[in-house]
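Trainee: make a model of this:
(2 chains)
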Amino acid sequence: MNQISKEKPKENSKENNGDGGICPICGYFVGLAPTCTRCGARVEKRIAITVARRIAIFGSILGLILLWYAAILKEPEAIKIGDISATMNNALVEVEGRVTSININEEKNSLKLSISDGTGDGLNVNAINKLNKFREALGEDIPAIKDTVRVVGALNVSQSWGSSMFLSLPSRLKLVEKYTIKDRNIGDITSNDEGDLYRITVAVKEYEKLTTNSGYVLNKFVLGDNTGDIEMVLFSTDFESLAKEVRYVITKPGSRFRMLVDVSTYRDEPQVKISDPSNPDNIEILSSAGGKMPEDIPEDIPEDLKEREASKLSSADIGNAYKVSARVKEVGLGGEGVYLTLDGTDIQIFISYSQQEKINNFDKLNDGGEIQAPMKLVSSDYGPELRLTDVNSAVVK
Amino acid sequence: MSSNALTIILYVILGTFAGSLLCVIPALHIYNVAGIAVVLWMGTKSLIPYYALAPFFMSLVVSFAFINTIPMTFFNTADESAGASMLPSTDMVTRGRGKDAALLTGMGTLAGAFMLILLYPFFWYIWPYLARVTGPHLHWLLGLIIVHYIMSEWPKGAGRGPTVWAKFRDAWRNVFAGLLTFTLASIFGLIFLSKPILPAANSFQNIMPVFVGFFAIPSIIQSLLSDYDPPKQYDSKYINAGWEDFSYGLLPGFIGGMLAAYLPAVTAGIGAMLAGHTTNHRNLERADFRPPKEEGTIVDLHTPEMYYRQERLFMIAGGTIKILYYVGAFLLLFVLTELTPYGTGRGGLTFILKPVFIAEPGDFLVMASTIVLSAGLSFILLTYLASLMTKILPKLNLKFIYVMALTMVFIIIYTMGGGVIGIGVSLVTACIGMIPVFYGCRRSHAMAVLLVPITLNMAGYGDTIINLLRLA
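Mentor: The predicted structure follows:
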């Protein structure tokens, strides 16, 4: 009668490997059978646990060394912005494109670039709390608008924020081509210059303030020099971003300016727009046709502007301006700024990055803060939208 | 009832059954399934209406929290939540009580599902403040967890052996194994997260081969090498616990589950270890030798009732921790308050869905209802599946199942996780993941792959590490 062995089989011993016809697991006598008829264990050619242990230790150390070497050799994939998809979330990639906007926040020590390679909506590249490191490392090579740069970073694709990239190291931002801003005569600007940046010296020949059917205010200018004329349109948000004195002088035909402008086209005709109107370096008053700026520039907003809660605004109010106070329910990124959704309504306010810098405590809006400002209700493709009519009067609680 | 509501219910039922069916397969994690489902959905958006997308994925995860107990208990295949309920369940299976183990864990999971609903006021009025207050301190909180986690391994061996070297080895083997696993996993994580080597196209799943290697592959290899042969299982008609056990078990379940749901890189296994001290009563009443009860025996080893209770509490708490970790972490995405305007959702599903889904106010109640419906269905399925397993387990060719599971896992990695490079990555992590298996330390030491890099990045040392490793 077969009996279960009372002795514990010794690992790696001959007995354990099935010699003697004894099952290495249960000790049953199996004779020449390759598999134990009692417990089903393999009797011969078993892999010793010690071998598996050694494989685990050496495999993991060797594997780590290989992984490290592979990571050093790995060149991040170069992609086009238009090719970014949801499945590329978290990918380390390289993107080359032109800087379309720069936002520097000294207080938060952050650098935000928007870059475009002509294939998608553009990509926001964020170096949070690293501005000083980038300045120190890049020096003169810190990118400016229109520069061509190559960035390597981890993509962050989200339904809430769109596509963005985290930039962790200065060495992962390379300046490929420095854009040189040239002076240009108006007569030499053509639709082929679309997307370029020029410095022009012009006089304001005509100024007209228009209100669209949806309530937007447009400031339309005709600028000229001795070589020709060109149209410039500033939306109210851009116009409000200009310095107070510039706002006064630029509406007086005959005033002369030196300004940095972006070239765009409208119905195949070239147009210009002041580049980053909030930057005082981008526009200089050469002469004023309206004389010296008075102490109190008359504001567009009447002093007796009625106060109105955001929740009480309706589509009947489109085109009207009010002093609106509202609690912010949600802050979302979009374009060159953020959209604030107001509590109890579907109405949104768009506040550009340049406007944000002029509003004290703007960061507190993330905390469900309250905003009070003169605003005008306008219609957009996505429903009613509020526009700040005077950024400087905006108050955040 | 609106047609939208009916559609959501339909997709919740579909998600529950699909999840339950797939979760029975050993080593197949629901996040692998979710990744495939997201890719399919992006290709054919008409498959699931957008408003039913989150409920569908939620029901997949709920069913996983329940039904994953089957392969973990009966097939001995662990995932990263293994520490929450694994060891006692393995022990119970070897005593023919696999169904007991599965139902105890399942009851803990069901209690956790109801807890998630009852905690609505906590989530809405207290949790945002906790998240807000702890948010800036997470790096050092995680640092403390790392220190406690490593020290808790210290030393377990009894130091027995015929020679000094043998005694030393017995006493320190698991400590060194734990330290080695932790160190290797940390280095791997620092390299891999600083400069991922997998192709960009499927990088939303780039952590999948890593986890499959750390947990799934070693479990299968262990089962294959150990000739895992479970004995006949008893088909009990009762759940092996009294109501009072739940009152004891749910507190550690809540603590461990919420830690795992909120803290980055803290999984259910680590949460269970941190909360497990509340169920550790061994110092209150020790086992002792008493006069023999049976004729012919020399001594009776008396096991206090406390030990059996501890086993039950561990299983119940483990089940609760699992659902709070998998489901609660996703549910927190929908707690949209003024303090947490984007929710505090964490975990694999939040990461997978982030590029295609945005939580909106009002979704929380839909998701809470989804949890109740899916949890009820999943628990019923669990009871039937556990009974079925008691009948078919002895007849199953487990080796064939393990080999098939291993093959399937490699196919998924090849197609979704970076092809040959993904397989190479999973083999490296499999080697690291086998150290705990062969040298006897906690498997969740492998979670250092995320814990250490996340902690260092949060503390502001991410750049220094990249430069140190020459990965800039």
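
Trainee: can the helix or strand containing B:Phe192 be said to contact chain A?
Mentor: For B:Phe192, the enclosing helix or strand under DSSP states H and E is helix B:164-194. Yes: Helix B:164-194 reaches chain A (Cβ under 8 Å from any Cβ of the partner chain) through B:Leu180, B:Leu184, B:Ile187, B:Phe188, B:Ile191, B:Phe192, B:Ser194. Any C-beta I mention is one placed from the backbone N, CA and C, and that applies to glycine too.

Trainee: does the nearest residue to the second one once chain neighbours are set aside count as helix, strand or coil?
Mentor: With Cβ to Cβ, 6 or more residues apart in numbering or on different chains as the measure, B:Ile432 is the residue that lies nearest to B:Leu184, at 4.8 Å, once sequence neighbours are left out. Three states are possible here, and by DSSP: H, G, I helix; E, B strand; the rest coil the one that applies to B:Ile432 is helix.

Trainee: up against chain B, what does the stretch 151-300 of chain A have?
Mentor: By Cβ under 8 Å from any Cβ, the residues of the stretch 151-300 of chain A that approach chain B are A:Leu155, A:Val157, A:Ser158, A:Gln159, A:Ser160, A:Ser168, A:Leu169, A:Ser171, A:Arg172.

Trainee: which of the residues you listed count as buried?
Mentor: Neighbour-count burial (16 or more other Cβ atoms under 10 Å in any protein chain shown) applied to those gives A:Leu155, A:Val157, A:Ser158, A:Ser168, A:Leu169, A:Arg172.

Trainee: B:Lys395: which of those is nearest?
Mentor: Proximity of these to B:Lys395, judged by Cβ to Cβ, is greatest for A:Val157, which lies at 47.3 Å.

Trainee: does that closest one touch A:Phe166 like I think?
Mentor: No: contact criterion Cβ atoms under 8 Å: A:Val157 and A:Phe166 do not qualify, at 11.8 Å.

Trainee: what helices or strands is the strand or helix carrying B:Ser426 leaning on?
Mentor: Under the criterion of DSSP H and E, B:Ser426 resides in helix B:419-439. Helix B:419-439 is packed against helix A:49-73, helix B:164-194, helix B:208-211, helix B:217-225, helix B:398-416, with contacts defined by 3 or more Cβ pairs under 8 Å, 6 or more residues apart in numbering or on different chains; DSSP states H and E.

Trainee: who does the fourth one touch, helix- and strand-wise?
Mentor: Using 3+ Cβ pairs under 8 Å, 6+ apart as the contact criterion, the elements in contact with helix B:217-225 are helix A:49-73, helix B:398-416, helix B:419-439.

Trainee: quick one: closest of the ones you listed to A:Asn282.
Mentor: Taking Cβ to Cβ, helix A:49-73 is the member of the helices and strands packed on helix B:217-225 nearest to A:Asn282, at 43.0 Å.

Trainee: contacts for the closest one?
Mentor: A:11-12, B:180, B:184, B:187-188, B:191-192, B:194-195, B:197, B:221, B:225, B:424-425, B:427-432, B:434-435, B:437-439, B:469-471 (Cβ atoms under 8 Å, 6 or more residues apart in numbering or on different chains).

Trainee: also stretch B:235-245?
Mentor: Stretch B:235-245 has contacts (Cβ under 8 Å, 6+ apart) with B:97, B:99-100, B:103-104, B:107, B:309, B:312-313, B:316, B:387, B:390-391.

Trainee: C-alpha coordinates for it, PDB please?
Mentor: What follows is the C-alpha trace of stretch B:235-245 in PDB, where atoms were taken according to Å, rounded to 0.1, in the frame of the first residue of the first chain:
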ATOM      1  CA  ASP B 235     -21.400  25.100  -1.000                       C
ATOM      2  CA  SER B 236     -22.500  26.900   2.200                       C
ATOM      3  CA  LYS B 237     -26.100  28.300   2.300                       C
ATOM      4  CA  TYR B 238     -25.100  30.900   4.900                       C
ATOM      5  CA  ILE B 239     -22.700  33.900   5.000                       C
ATOM      6  CA  ASN B 240     -20.100  33.200   7.600                       C
ATOM      7  CA  ALA B 241     -20.600  36.300   9.700                       C
ATOM      8  CA  GLY B 242     -23.100  38.000  12.000                       C
ATOM      9  CA  TRP B 243     -24.400  41.500  11.700                       C
ATOM     10  CA  GLU B 244     -22.000  42.700  14.400                       C
ATOM     11  CA  ASP B 245     -19.100  41.700  12.200                       C
END
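
Trainee: do you know the pLDDT at B:Glu80?
Mentor: We note a pLDDT of 62 for B:Glu80 in this prediction.

Trainee: now A:Lys205
Mentor: As predicted, A:Lys205 sits at a pLDDT of 92.

Trainee: now swap in the one 4 residues further on and tell me
Mentor: Confidence at A:Lys209, expressed as pLDDT, is 86.

Trainee: check which helix or strand it maps to.
Mentor: Following DSSP H and E, the helix or strand that holds A:Lys209 is strand A:197-211.

Trainee: report the buried residues of that strand.
Mentor: Buried-residue list, strand A:197-211, by 16+ other Cβ under 10 Å: A:Leu197, A:Tyr198, A:Ile200, A:Thr201, A:Val202, A:Ala203, A:Val204, A:Tyr207.
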